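**Q** 3D model of this:
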Amino acid sequence: MTALPFHKVEGLGNDFVVVDLRPGKPGAEVSASAQDPAVVTAICDRHFGVGADGVLAILPGLEGDARMRVLNADGSEAEMCGNGIRCVARVLYETDSRLRKPIINVDTGAGLLSCAMDVVDGVLRSVSVQMGRPRFRRDEIPLSPGGSERALREPVTSSPGGSFSFTAVSMGNPHAIIFVDEPKLDLRAMAETHGPSIETSALFPRRTNVEFARVRPDGQIDLVVWERGCGITLACGTGACATAVAAAWEGRLPRGREIPINLPGGTLFIHVAPDDSQVTMRGPARIVFSAELALDAFVST
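**A** Model prediction:
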């Protein structure tokens, strides 16, 4: 039996199987199999596998301390995952003595990102991530047609018959943020109904994450995300960041202060720099359990 050590980790209910595939680690010998799309899909199955929104592979760093590869539950690869990077930072901090330090730098598809470890009395309470500059050009999202213009309150329709306006933001991965002003409309129901169609709209050559958001009178945001390759999840870190940016661009909330983003799994805190040069995400990550996977059973499926 080929045993693959793993950690089950969650960030506000967005859960992952984290595997350390760096040279010298037990998982390095089966690195290719552990990253195979069919194997990833089987591992993420909640009835016949471990169950997760995705597999996060820890690989040797390019510039940083380590690199994170994000593999969605459907086997596709995402450029970036906000909750995922907090989970990877937690695993590195707790399991690698060389990285038990205040700042851990992680290479991602969105570039090198710094994770600040909030430790109180020796206990890691939360992780703050410098998520980088939000992208707004059509060719950075990407959108079709491309160009250098910003996609602000653009129209989009869904196959169930919905008509919406969205603002597009990339946090290294694409997001289409739809603000819902009507207080009686159910954000989750809207995401479930319209998310699949908008995700695969011809407007988005690489598909997109779809956010349904509502700004509260007190300046907080309620948010439900239909994640590309996953569907509805309890939390989405890049989605929370993109939504805070979109709220600023649409003039709904000011920049320069920490905004609570309330997701089904809990609250993330997002700060957008006054000049849009940086977005900071703060939130928890928790190792639920650690075990070994009988990898042969998944490779043979």
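**Q** which parts of stretch 27-46 are buried?
**A** Within stretch 27-46, the residues that count as buried by 16 or more other CB atoms under 10 Å are 27, 30-31, 33-36, 39-44. (Glycine included, C-beta is placed from N, CA and C.)
**Q** would you list every one of the helices in this structure?
**A** 31-34, 37-44, 82-95, 187-199, 237-249, 295-299 (DSSP state H).
**Q** which residues does Val55 bridge with?
**A** Val17, Leu71 (DSSP bridges).
**Q** Pull the number of nearby residues for it.
**A** When neighbours are counted by other CB atoms under 10 Å, Val55 registers 26.
**Q** For it, give its distance to Thr267.
**A** Distance of Val55 to Thr267, given as CB to CB, to the nearest Å: 26 Å.
**Q** Could you do Leu4 as well?
**A** On the measure of CB to CB, Leu4 and Thr267 end up 33 Å apart.
**Q** Neighbour count for the two, which is higher?
**A** Leu4 (24 against 17).
**Q** residue contacts, the more buried one?
**A** Val19, Pro26, Gly27, Val30, Ala34, Glu292, Leu293, Leu295 (CB atoms under 8 Å, 6 or more residues apart in numbering).
**Q** Just list the residues touching Ala66, thanks.
**A** By CB under 8 Å, 6+ apart, the neighbours of Ala66 are Arg22, Ile58, Leu59, Pro60, Val88, Leu92, Leu99, Ile104, Val106, Asp107.
**Q** Neighbours of the spatially closest residue to it that is not a sequence neighbour, how many?
**A** Distances taken as CB to CB, 6 or more residues apart in numbering place Ile58 nearest to Ala66, at 5.3 Å, with adjacent residues excluded. When neighbours are counted by other CB under 10 Å, Ile58 registers 24.
**Q** again with His194
**A** 23.
**Q** what does the one 4 residues further on give?
**A** Neighbourhood size, Ile198 [other CB under 10 Å]: 25.
**Q** Let me know the pLDDT of it.
**A** On pLDDT, Ile198 comes in at 97.
**Q** Identify the residues contacting it.
**A** Val156, Ser158, Phe164, Phe166, Ala176, Thr208, Val210, Trp226.
**Q** so Met80 makes contact with His175?
**A** No. Between Met80 and His175 there is no contact under CB atoms under 8 Å: 10.6 Å.
**Q** Give me the below-cutoff pLDDT ranges for the stretch 201-301 of the chain.
**A** Within the stretch 201-301 of the chain, the stretches with pLDDT under 70 are 300-301.
**Q** quick one: which of the contacts of Ile198 has the most company?
**A** Most surrounded of the contacts of Ile198: other CB under 10 Å gives Val210, at 30 neighbours.
**Q** Can you show me the strands along the stretch 51-200 of the chain?
**A** 54-59, 66-72, 77-78, 103-108, 111-120, 123-130, 154-157, 163-170, 174-179 (DSSP state E, counting those that start in this stretch).
**Q** Return the alpha-carbon coordinates of the second one using PDB.
**A** Output for strand 66-72, consisting of C-alpha atoms alone and laid out as PDB, is shown next (Å, rounded to 0.1, in the frame of the first residue of the first chain):
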ATOM      1  CA  ALA A  66       7.200  27.100  -0.400                       C
ATOM      2  CA  ARG A  67       4.800  27.000  -3.400                       C
ATOM      3  CA  MET A  68       1.000  26.200  -3.300                       C
ATOM      4  CA  ARG A  69      -0.700  24.500  -6.100                       C
ATOM      5  CA  VAL A  70      -4.500  24.600  -6.000                       C
ATOM      6  CA  LEU A  71      -6.500  21.700  -7.400                       C
ATOM      7  CA  ASN A  72     -10.200  22.000  -7.300                       C
END
